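Participant: Below is the sequence, then the predicted model.
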Amino acid sequence: LGHSRNAVYAQLVTRHLMRDELVTMGARFGFGADLPFDVSAPLGRLEVPYNDLAFARAATGFQGSDLTPLGALELAFVVAAGGNRPRLRIVAAAEDYVAPPTLRIEDRVIEPRTAANLRWMMEVTVDQGTSAEAFADPAGQPYLRNVRVAGKTGTLQPEPSGPTTTWFVGFAPSRDPRIVVS
């Protein structure tokens, strides 16, 4: 995960993942639905084909899906919250609004052990993977010396001839998250 080995993911998908499992997990994460948020905001969509190659491409995020920035934040938030889906909050306070002191948990999406494994893989992304250069100086010293960060990078090209966009989603400190970014 930390080094974005998408061809490996595609091979693993075709050997170990059934279409119904991907559809079920996509629904558990909230694809095709609005986010638990104060205003209507979609997470994203997931269309899962039956053809093996198209299925592998969908499962690895190359076709049949889209994800909003808030949707990406939600996915990272689930990992940061140990597999629970918390209600999203943008700010702690603004004008007359003050957020509740504790997170409101909507439901459990994945098991805590799965979330911990994903968090570890996301830490690899920041420490030595695809976003390592953004978090360390040229000598390899972390910019955030005492803050461990978990993250995931990716690229998007909505149209075959269109521009490519890179993205990052993550949380910190990774073992006791206080902030999630997308």
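Facilitator: Perfect, thanks for sending it.
Participant: which residues in the chain form strands?
Facilitator: 44-46, 65-67, 84-86, 93-94, 97-98, 105-108, 150-156, 165-172, 179-181 (DSSP state E).
Participant: Provide the strand pairings for the second one, with the direction of each partner.
Facilitator: Strand 65-67 has these partner strands in its sheet, going by DSSP bridges: strand 44-46 (antiparallel).
Participant: what's near enough to touch residue 179?
Facilitator: By CB atoms under 8 Å, 6 or more residues apart in numbering, the contact set of residue 179 is 171, 172. In short, each C-beta sits where N, CA and C put it, glycine included.
Participant: any idea how far it is from residue 27?
Facilitator: Using CB to CB, to the nearest Å, residue 179 is found at 28 Å from residue 27.
Participant: Remind me what the longest helix anywhere in the chain packs against, helices and strands.
Facilitator: Counting by DSSP state H, the longest helix found in the chain is helix 112-127. Contact partners of helix 112-127 among helices and strands, from 3 or more CB pairs under 8 Å, 6 or more residues apart in numbering; DSSP states H and E: helix 69-80, helix 132-135, strand 150-156, strand 165-172.
Participant: count of neighbours near residue 64?
Facilitator: 15 (other CB atoms under 10 Å).
Participant: related to what we said a few turns ago, nearest to residue 49, of the helices and strands packed on helix 112-127?
Facilitator: strand 150-156 (19.5 Å; CB to CB).
Participant: What residues of that closest one count as buried?
Facilitator: 150, 151, 152, 153 (16 or more other CB atoms under 10 Å).
Participant: then that strand to PDB, C-alphas only?
Facilitator: As requested, the backbone C-alpha atoms of strand 150-156 are provided in PDB (Å, rounded to 0.1, in the frame of the first residue of the first chain):
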ATOM      1  CA  ALA A 150      -0.400   8.000   8.300                       C
ATOM      2  CA  GLY A 151      -1.500   8.700   4.700                       C
ATOM      3  CA  LYS A 152      -2.300   7.500   1.200                       C
ATOM      4  CA  THR A 153      -1.500   9.000  -2.100                       C
ATOM      5  CA  GLY A 154      -3.000   8.500  -5.500                       C
ATOM      6  CA  THR A 155      -3.500   9.900  -9.000                       C
ATOM      7  CA  LEU A 156      -6.700  10.700 -10.800                       C
END
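Participant: Need the residues that contact that strand.
Facilitator: Identification of contacts with strand 150-156 by CB under 8 Å, 6+ apart yields 1, 4, 61, 76, 79-80, 119, 122-123, 125-126, 129-131, 164-172, 174.
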